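[1] How does the following fold in three dimensions:
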Amino acid sequence: MSGKPGSAGVVSRGLLRTTIRSLRTAFITVGLFSCILNLLMLTGPIFMLQVYDRVLSSRSVPTLVALAVLAATLYAFWGLFEFLRHRVMSRAGFWLDQQLGAATFREWMAKSIGGEAEGPRPLVDIAALRQFLSSPGLMGIFDAPWIPIYLAFVFIVHVNLGLLTTGGALVVMILALINQRITREPLARATGMESAETRFLEQAQRNAESILPMGMMSSISGHWQAMHGEGAAMAQNAGERGEFFSATSKAVRMMLQSGLLGLGAYYAIYQEISPGMIVAVSIIAGRALAPIDQIIGHWRIIARARQAHQRLTKELASVDSRPKAIELPDPQGSLSVQGLTKFAPGSAQEDNQRRTILTNVTFMLEPGDALGVIGPSASGKTTLARVLIGAWQPDVGSARLDGATIDQWDRDQLGRHIGYLPQHVELLAGTIQQNIARFDPEAADGDIVKAAQMAGVHEMILRLPEGYATRIGYGAMPLSSGQVQRIGLARALYRVPHIIVLDEPNSNLDAEGDASLARAIEALRQAGSIAIVMAHRPSAIAAVNKIMMLMNGSVVEFGDKDDVLRKVTRLPVGGRG
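    You can find the predicted model right below:
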């Protein structure tokens with residue numbers, strides 16, 4: 001499992017292929033172990049051959065004891081190498097998970113911003129690959145190349161026994177190919193339906209507070225049952241087909257072994273082979289067909305792994321090819337937006353009627369400025385917020401911080417200097433302390449308390465039974481929507497970022513919360529930060545010094561607060577962008 005992904009010669013191959021190539025040592029090791037194991041599997045046939053043909057004829061107990069000791073020793077080595085083979089692949093699966101997990105999570109999260117990701121499928125795919133690497137199905141694949149060698153042993157004993165065994169092996173292989181062909185599509189469809197069902201269940205759970213009171217339970221339950229039933233039926237269909245071929249394959253193996261015993265007995269009667277050869281051939285033939293039977297029995301795991309590999313190859317194809325952003329000096333200067341245009345996500349580039357959300361937006365802010373962005377519903381305020389924090393990239397124009405476009409900054413480095421409060425705040429499972437600290441394991445307590453004090457939420461947190469250690473889980477939220485929004489504001493203010501974007505930060509706040517918000521913006525200005533507030537209520541822009549009015553994605557007015565407000569007094573201000 002040596003090798004470092006991302007070297008110059010393999011960058012274009014994508015992260016998944018590079019990582020799997022790094023497992024070559026593990027695969028070669030397991031291949032060597034498989035060779036040794038398959039040679040040791042001849043212990044049983046040779047032992048039986050010697051017992052029947054030498055020990056019984058000579059009635060030599062010492063010979064029997066010597067053969068038994070030798071066989072026991074070889075079986076002990078077989079057990080050791082079998083253990084090592086499984087251990088190597090088990091750890092290879094774990095290593096693969098560790099190598100791909102972080103990059104896959106980042107890629108999935110990045111695509112989730114634009115709505116491109118459909119559920120945590122890539123992370124589930126990694127688990128499918130890991131399961132495959134430690135499954136008996138993979139061991140069957142490693143053992144499959146030994147099938148011709150075992151058949152050759154049978155041919156050496158007698159040609160007709162070899163032909164019978166080869167015929168049985170061909171029948172089993174044909175069954176395996178048919179099984180793969182007819183279960184591939186149902187398994188793929190079942191996997192897609194399972195993913196859609198999981199996403200629907202997550203949405204239903206998050207909206208349970210609305211579903212139950214409005215009498216939607218029966219309808220939602222019926223819709224889920226229809227989705228679940230269709231997916232389960234498809235999976236059952238694929239499973240039943242696989243079960244049929246698995247059972248048929250086992251039946252063919254049993255029939256073949258009995259046929260070999262019968263045919264071997266026939267040739268033994270005419271003294272063409274010895275009695276010991278009958279048992280030896282039966283064991284060797286069973287071993288020759290075992291890998292095929294093993295592959296058929298674990299075909300669902302193999303098929304899922306293949307589908308997962310195909311999806312991950314596309315998902316991670318460009319990860320290694322992206323040049324790592326250079327670490328620029330920490331931002332301290334101005335924010336400049338020039339000719340920024342943003343089209344609606346998902347619009348086809350060749351479509352001349354692409355819907356435009358923002359059009360030619362231009363403005364500049366210096367350290368200490370606070371900008372209030374106002375405008376009616378669907379004017380582009382939220383889209384502008386997402387572009388300014390780097391969640392979305394502009395299609396035309398640029399947003400520059402200290403002269404560098406947002407995408408030129410290393411994402412993690414810039415993230416430490418950006419604060420963002422979205423319209424809909426959702427805290428992550430953990431403690432309030434962890435949420436404010438953005439789950440930074442090295443966060444200083446002083447920075448956490450300072451952020452909470454700036455957001456005016458410190459006293460409220462102390463009144464909770466466990467204070468900052470209060471846990472927020474996946475179930476009932478111990479906080480009101482206003483408290484959640486204020487803790488989200490504290491998270492945005494953590495370590496006093498250079499740029500802070502607040503999207504309708506007071507939608508759930510009371511008068512006390514509005515006052516805390518105004519004080520926080522004043523503190524940011526005094527610290528030399530740049531604050532941008534997407535305003536829904538006038539109280540949100542009480543502490544700003546500049547105003548920008550958006551209408552249909554275009555800047556109508558931009559300038560000092562008092563001047564702009566005088567000009568737009570008669571225009572409708574409010575709504576959500």
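
[2] Break this structure down into its domains, please.
    Here the domain parsing of the chain from automatic domain parsing is 1-135+307-322, 146-297, 335-346+355-471+480-568.

[3] Gln483 contacts Arg463, doesn't it?
    No - the pair Gln483 / Arg463 is not scored as a contact, 10.4 Å apart, by CB atoms under 8 Å. The way it works is simple: take the backbone N, C-alpha and C, and place the C-beta from them, glycine included.

[4] more neighbours, these two?
    Set side by side, Gln483 and Arg463 show more neighbours around Gln483, with 20 against 7, by other CB atoms under 10 Å.

[5] OK, contacts around the more buried one?
    By CB atoms under 8 Å, 6 or more residues apart in numbering, the contact set of Gln483 is Val457, Met460.

[6] Go over the secondary structure and confirm it is in a strand.
    No - looking at Gln483 with DSSP: H, G, I helix; E, B strand; the rest coil, it is helix, so not inside a strand.

[7] So it versus Val501, what's the distance?
    21 Å (CB to CB, to the nearest Å).

[8] Could I get the full set of helices for the stretch 251-400 of the chain?
    Here the stretch 251-400 of the chain has its helices, by DSSP state H, counting those that start in this stretch, at 275-297, 299-315, 381-388.

[9] now stretch 43-53: mean pLDDT?
    Average pLDDT, stretch 43-53: 88.

[10] ok, residues contacting it?
    Under CB under 8 Å, 6+ apart, the answer for stretch 43-53 is 64, 67-68, 70-71, 74-75, 78, 153, 274-277, 279-281, 283-284.

[11] Now tell me what touches the host helix or strand of Asp563 from outside.
    Element membership of Asp563, judged by DSSP states H and E, is helix 561-568. Defining contact as CB under 8 Å, 6+ apart, one finds that helix 561-568 is touched by Gly372, Ile374, Ile541, Val544, Asn545, Lys546, Ile547, Met548, Met549, Val556, Glu557, Phe558.

[12] rerun at 10 Å
    Contacts of helix 561-568 with the rest of the structure, by CB atoms under 10 Å, 6 or more residues apart in numbering, involve 370-372, 374-375, 538, 541-549, 551, 556-560, 573.

[13] Can you say which of those residues are buried?
    370-372, 374-375, 541-549, 551, 556-558, 573 (16 or more other CB atoms under 10 Å).

[14] Tell me which residues of stretch 517-526 come out buried.
    Those would be Leu517, Ala518, Arg519, Ala520, Ile521, Glu522, Ala523, Leu524, Arg525, for stretch 517-526 by 16+ other CB under 10 Å.

[15] check contacts around the second one.
    Read that as Ala518. Residues in contact with Ala518 (CB under 10 Å, 6+ apart) are Gly456, Asn506, Ser539, Ala540, Ile541, Ala542, Ala543, Val544.

[16] Return the distance of it relative to Leu163.
    Counting by CB to CB, the gap from Ala518 to Leu163 is 91 Å.

[17] Would you point out which residue is most central in the protein?
    Leu123 (1.7 Å; CA atoms, centre = their mean).

[18] And it, which helix or strand is it part of?
    Using DSSP H and E, Leu123 falls in helix 121-133.

[19] Buried residues, stretch 128-138. List them.
    Under 16+ other CB under 10 Å, the buried positions of stretch 128-138 are Ala128, Leu129, Arg130, Gln131, Phe132, Leu133, Ser134, Ser135, Gly137, Leu138.

[20] Return the per-residue confidence for the nearest residue to Gln526 once chain neighbours are set aside.
    Nearest residue to Gln526, sequence neighbours excluded (CB to CB, 6 or more residues apart in numbering): Gly368, at 7.6 Å. Here the pLDDT value assigned to Gly368 is 96.

[21] Same question for Lys450.
    Reported pLDDT for Lys450: 96.

[22] isn't it right up against Leu493?
    Yes - counting by CB atoms under 10 Å, Lys450 does reach Leu493; the two are 8.2 Å apart.

[23] how close does the closest residue to Gly286 other than its chain neighbours sit to Asn237?
    Excluding the flanking residues, the one nearest Gly286 by CB to CB, 6+ apart is Gln257, at 5.6 Å. Computed with CB to CB, the distance linking Gln257 and Asn237 is 31 Å.

[24] can you pull out the helices in the stretch 101-250 of the chain?
    Under DSSP H, counting those that start in this stretch, the stretch 101-250 of the chain gives helices at 121-133, 136-143, 147-157, 159-206, 208-211, 217-269.

[25] May I see those helices organised as CSV, with mean pLDDT and distance to Arg24 added?
    Supplementary listing: the helices of the stretch 101-250 of the chain in CSV, determined by pLDDT from 0 to 100; distance: least, CB to CB, whole Å:
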stretch, mean pLDDT, distance to Arg24
helix 121-133, 88, 14
helix 136-143, 92, 14
helix 147-157, 90, 24
helix 159-206, 83, 26
helix 208-211, 73, 49
helix 217-269, 85, 31
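
[26] Please identify which of those is closest to Val396.
    Counting by CB to CB, Val396 lies closest to helix 121-133 out of the helices of the stretch 101-250 of the chain; the figure is 30.6 Å.

[27] how far is the closest one from where the chain is centred?
    Taking CA atoms, centre = their mean, to the nearest Å, one finds the center of helix 121-133 at 8 Å from the center of the full chain.

[28] if we can go back for a sec, I'd assumed Ala523 was in contact with the residue nearest to Gln526.
    No - judged on CB under 10 Å, Gly368 makes no contact with Ala523 at a distance of 11.4 Å.

[29] okay, and the common contacts of these two?
    In contact with both Gly368 and Ala523: Ser529, Ala531, using CB under 10 Å, 6+ apart.

[30] For the chain, which element, helix or strand, carries the lowest mean pLDDT?
    In the chain, no helix or strand scores lower on mean pLDDT, DSSP states H and E than helix 208-211, which sits at a mean of 73.

[31] Quick check: buried residues in the helix holding Asp563?
    Result for helix 561-568 [16+ other CB under 10 Å]: buried residues Lys561, Val564, Leu565, Val568.

[32] And the residues you listed, which is closest to Asp402?
    Lys561 (24.9 Å).

[33] Once you drop chain neighbours, what's closest to that closest one?
    Ile547 (4.9 Å).

[34] For that neighbour, which three-state class applies?
    At Ile547, secondary structure determined by three-state DSSP is strand.

[35] Wait, it touches Ile532, no?
    No - the pair Ile547 / Ile532 is not scored as a contact, 11.2 Å apart, by CB under 10 Å.

[36] Please enumerate the shared neighbours of the two.
    Ala370, Leu371, Gly372, Val373.

[37] and the gap between Gln413 and Asp330?
    For Gln413 relative to Asp330 (CB to CB), the value is 8 Å.

[38] Compare the two (neighbour count), which wins?
    Gln413 (15 against 11).

[39] name the element the more buried one belongs to?
    Counting by DSSP H and E, the element that carries Gln413 is helix 411-415.

[40] could you say what helices and strands that helix packs with?
    Helices and strands touching helix 411-415, by 3 or more CB pairs under 10 Å, 6 or more residues apart in numbering; DSSP states H and E, are helix 61-113.

[41] what element comes up after the helix or strand containing Gln50 heading to the C-terminus?
    Per DSSP H and E: Gln50 is located in helix 43-50. Next helix or strand after helix 43-50 toward the C-terminus (DSSP H and E): helix 56-58.

[42] which helices and strands sit right next to that following helix?
    helix 275-297.

[43] Using PDB, write out every CA atom in the helix it packs on.
    C-alpha atoms of helix 275-297 as PDB (Å, rounded to 0.1, in the frame of the first residue of the first chain):
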ATOM      1  CA  PRO A 275      -9.500 -45.700  -5.900                       C
ATOM      2  CA  GLY A 276      -7.500 -42.900  -4.300                       C
ATOM      3  CA  MET A 277      -7.700 -40.900  -7.500                       C
ATOM      4  CA  ILE A 278     -11.600 -41.000  -7.400                       C
ATOM      5  CA  VAL A 279     -11.600 -39.000  -4.100                       C
ATOM      6  CA  ALA A 280      -8.700 -36.700  -5.200                       C
ATOM      7  CA  VAL A 281     -10.500 -35.800  -8.500                       C
ATOM      8  CA  SER A 282     -13.700 -35.100  -6.700                       C
ATOM      9  CA  ILE A 283     -12.000 -32.700  -4.300                       C
ATOM     10  CA  ILE A 284     -10.000 -31.000  -7.000                       C
ATOM     11  CA  ALA A 285     -13.000 -30.500  -9.200                       C
ATOM     12  CA  GLY A 286     -14.900 -29.000  -6.300                       C
ATOM     13  CA  ARG A 287     -12.100 -26.600  -5.700                       C
ATOM     14  CA  ALA A 288     -11.900 -25.600  -9.400                       C
ATOM     15  CA  LEU A 289     -15.600 -24.600  -9.300                       C
ATOM     16  CA  ALA A 290     -15.500 -22.900  -5.900                       C
ATOM     17  CA  PRO A 291     -14.300 -19.500  -7.100                       C
ATOM     18  CA  ILE A 292     -17.100 -19.200  -9.700                       C
ATOM     19  CA  ASP A 293     -19.700 -20.200  -7.000                       C
ATOM     20  CA  GLN A 294     -18.200 -17.700  -4.700                       C
ATOM     21  CA  ILE A 295     -18.400 -14.900  -7.200                       C
ATOM     22  CA  ILE A 296     -22.000 -15.700  -8.000                       C
ATOM     23  CA  GLY A 297     -22.900 -15.800  -4.300                       C
END
